[in-house]
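In: 3D, please:
(one chain, ligands or ions: 2)
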Amino acid sequence: MLDWNDPLATPTPQPATPATASTPTAPPSPPAAPAETLAPVRAEDKRVVNGLADINQLAPFRYPWAWEFFLNANRNHWTPLDINMSRDVQDYHHRLTTEERHVYENVLAYLTTADILAMRNVGLAVMEKMSAPELQIYQARQVYEEALHTWTYQHCIESLGLDQGEIYNRYRVVPAIQRKIAIANRRLDSVLRADIDLRDPAELDNFLLAYVFFAAVFEGGWFYNGFSPIFALQRRGLMTGTAEQLQYIMRDEVLHCAFGIRTCKQIMEENALRPDPAAVQAMWEEAHDAERDYAEYLLRDPILGYNAEDHLEQFRYIANRRARQLGFEEPFPGARNALPWLDEQANLRKEKNFFETRVTEYQTGGALRWD
Ligand SMILES: [Fe+2]
Ligand SMILES: [Fe+2]
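Out: Ligands and ions are numbered 1, 2, ... in the order given. Here you go, the predicted model:
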């Protein structure tokens, strides 16, 4: 039996508890009267940031959509242990080409580092600045999901017997991965300071831009697009266990992106704030150039059914979508949908997955629109 006080201890048989005679107890005393009567919390006093309402009271909701995000997130619940990885072990060692192994390993090396960064951003820099509990509760779930994603990559890396130390260190020695991580770290560092006062318009503007970056670029662009090289292998019947893991992660990420964009729009509305269009365009172009380096490194030798040009064109196409969702100008007008199957991958109902690696069906998940 698991010892909940010491879960890592070897379980030991528990002796039977001897019966004890009950002793009389004093009757409970009535609850003490509050020192002062507080005014009821009013929904209209809540704000995304700089709110005036008591943060410890859930309802009345000012942002019922945030609660809906929390409920929907709980419909996509899995752990990496639920998915059979045995075919991937065979594929990795006996069916993938050298070029495909290069793609696979570097996608995992990038994603695992990026997901830790995403967790730190939400948990340490964003959540504490929210002043309505319904926003924080979804973000608490998001923090857990980012940790779950890190576990998932670790499970894939371990299942295939890859050198963990080498994979986890790759972002430090591969410039194309390092560049993306450095951009994200710069944004995170700018909002992960104890001295930030969001009543200062310049600080609020910077916080908004950092949140836009993480929601629309980091999660909605780099992550959304980042799974597709593995999905391209999946479409050829390769690495299907990993791909199924990533499909569950992608569902989480599109919710993270959608929630972040919704929250950013709310901040803009409540504070009559619009980020500088030139700064937003510069953000997109910096992200695009880093993604180009990454794609060229990842696909320096093309693999069957996937190439760097399509990867980058798809990034531009998705960037335009995120910009429209935010009410911003499209950063890359005319970009085309180079990977039309990617959206299908995000919206795939679990029961349509023909690889049959899992018996559980997610009917509730299938009813959702994941993007
Ligand atoms: Fe994640
Ligand atoms: Fe995320």
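
In: hey, C-alpha coordinates of the helix or strand where Ala66 lies in CSV?
Out: Here Ala66 sits within helix 64-73, counting by DSSP states H and E. What follows is helix 64-73, C-alpha atoms only, in CSV (Å, rounded to 0.1, in the frame of the first residue of the first chain):
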residue,chain,number,x,y,z
PRO,A,64,-17.1,33.3,-17.3
TRP,A,65,-15.2,32.3,-20.4
ALA,A,66,-12.1,31.7,-18.3
TRP,A,67,-14.0,29.2,-16.2
GLU,A,68,-15.2,27.5,-19.4
PHE,A,69,-11.5,27.3,-20.5
PHE,A,70,-10.8,25.5,-17.3
LEU,A,71,-13.7,23.0,-17.7
ASN,A,72,-12.6,22.3,-21.4
ALA,A,73,-9.0,21.8,-20.4
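
In: tell me the buried residues in it?
Out: For helix 64-73, burial by neighbour count (16 or more other C-beta atoms under 10 Å) applies to Ala66, Trp67, Phe69, Phe70, Asn72, Ala73. (Each C-beta comes from the backbone N, C-alpha and C, glycine too.)

In: nearest to ligand 2, of the residues you listed?
Out: Ala73 (10.7 Å; C-beta to the ion).

In: excluding chain neighbours, give the residue nearest to the closest one in space.
Out: Leaving aside its chain neighbours, Ala73 sits nearest to Arg141 (5.0 Å; criterion: C-beta to C-beta, 6 or more residues apart in numbering).

In: what's the helix or strand for that neighbour?
Out: Using DSSP H and E, Arg141 falls in helix 133-159.

In: just checking, what packs against the helix ranked longest in the chain?
Out: Across the chain, the helix with the greatest residue count (assigned by DSSP state H) is helix 240-270. Counting contacts by 3 or more C-beta pairs under 8 Å, 6 or more residues apart in numbering; DSSP states H and E, helix 240-270 is packed against helix 64-73, helix 86-94, helix 133-159, helix 201-212, helix 224-226, helix 228-234, helix 308-326, helix 341-347.

In: between those helices, which gets nearest to ligand 2?
Out: The nearest among those, by C-beta to the ion, is helix 133-159 at 5.5 Å.

In: residues near Arg321, how many?
Out: 18 (other C-beta atoms under 10 Å).

In: cool, thanks, talk later.
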